[in-house]
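Asker: following is a predicted model, sequence given first.
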Amino acid sequence: MARSVWKGPFVDGYLLNKAEAARASTRNEIIKIWSRRSTILPQFVGLTFGVYNGKKFLPVQVTENMVGHKFGEFSPTRTFSGHAADKKAKRG
């Protein structure tokens, strides 16, 4: 179920502080975050976030098309190794 419009988008408070500090420093460094549930805001465009996927931090460069989505959408937590090969097809 979607979040109510009158509540506004959810963003962890520390995330806003880290983004403002990164904008002020003007250095292009990765901001490590654990909040996959936070919504990407227009203030984050141009910044690089390291989104934790349970094992490592994956770098996510925020663009204008990502605004409104969640950080977790761009950092997959599961690795797909492919389906098992069909052994009957190889024999024939």
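Answerer: Thanks, I have it.

Asker: pLDDT below threshold where in this protein?
Answerer: Along the chain, segments meeting pLDDT under 70 span 86-92.

Asker: ok, now which ones touch the residue nearest to the spatial centre of it?
Answerer: For the chain, F71 is the residue whose C-alpha lies nearest the centre (Cα atoms, centre = their mean; 2.7 Å). Contact partners of F71, counting by Cβ atoms under 8 Å, 6 or more residues apart in numbering, are I33, S35, R36, R37, S38, I40, F49, V51, V60. Any C-beta I mention is one placed from the backbone N, CA and C, and that applies to glycine too.

Asker: if you set the cut-off to 7 Å instead, what comes out?
Answerer: Listed by Cβ atoms under 7 Å, 6 or more residues apart in numbering, the contact set of F71 reads I33, S35, R36, S38, I40, F49, V51, V60.

Asker: so what does it look like in phi/psi?
Answerer: Dihedral angles of F71 (phi, psi; degrees, to the nearest 10) stand at phi -60, psi -30.

Asker: how about N65?
Answerer: phi -70, psi -20.

Asker: what's the local residue count around it?
Answerer: By other Cβ atoms under 10 Å, the residues close to N65 number 9.

Asker: repeat for I33
Answerer: I33 has 20 neighbouring residues, counting by other Cβ under 10 Å.

Asker: do M66 as well
Answerer: M66, neighbours per other Cβ under 10 Å, totals 17.

Asker: what's the closest non-adjacent residue to it?
Answerer: Of all residues not flanking M66 in the chain, I40 sits nearest, at 5.0 Å (Cβ to Cβ, 6 or more residues apart in numbering).

Asker: how about that neighbour, what does it touch?
Answerer: By Cβ under 7 Å, 6+ apart, I40 lies in contact with V62, M66, V67, G68, H69, F71.
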